[in-house]
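[1] What follows is a predicted protein model with its sequence.
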Amino acid sequence: MKNSLIVLAIAAALAASPAFAGDAAKGKEKSAACAACHGADGNSQSDAFPRIGGQLEDYLLHSLKSYKSGKRKNAIMAGQVTALSNADMQDLAAYFSSQGGSLMVKR
């Protein structure tokens, strides 16, 4: 009975989660402009730019959509997302989420 409840809970969680159709390989191809600030793998070497490598895919997608809609304000990002389609944003989110995260050690 307990195992059945666990399986049911997992199935319900998967059914309720949003479907992400991002293609990480396509996202890597589209990420050249992002690399200038965030680094090729999303792990910027500068404290001035966020490290997005290894972040959750849904968080990255939500962030990109929020910049595009104007809900999230940043002049640089607003300019970068203007021409991105939903598929582009899904692919970028898939790519950067597939990268390992990095912590910068301050000296």
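    On my side now, so go ahead.

[2] what's the first-to-last distance across stretch 40-54?
    End-to-end distance for stretch 40-54: 13 Å, by C-alpha to C-alpha, to the nearest Å.

[3] Name the surrounding residues that touch that stretch.
    Residues from elsewhere that reach stretch 40-54 (C-beta atoms under 8 Å, 6 or more residues apart in numbering): 31, 34, 37-39, 55, 60, 96-97, 99-104. Using the backbone N, CA and C atoms, a C-beta is placed for each residue, glycine as well.

[4] in that stretch, what counts as buried?
    The neighbour-count check on stretch 40-54 (16 or more other C-beta atoms under 10 Å) flags 41-44, 49, 51-54 as buried.

[5] Please pick the buried ones from the contacts of stretch 40-54.
    31, 34, 38-39, 55, 60, 96-97, 99.

[6] pLDDT and secondary structure added to those, as a markdown table?
    Below are those laid out as a markdown table (pLDDT from 0 to 100; DSSP: H, G, I helix; E, B strand; the rest coil):
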| residue | pLDDT | secondary structure |
| --- | --- | --- |
| Ser31 | 96 | coil |
| Cys34 | 96 | helix |
| His38 | 96 | helix |
| Gly39 | 94 | coil |
| Gln55 | 95 | coil |
| Leu60 | 97 | helix |
| Phe96 | 97 | helix |
| Ser97 | 96 | helix |
| Gln99 | 95 | coil |
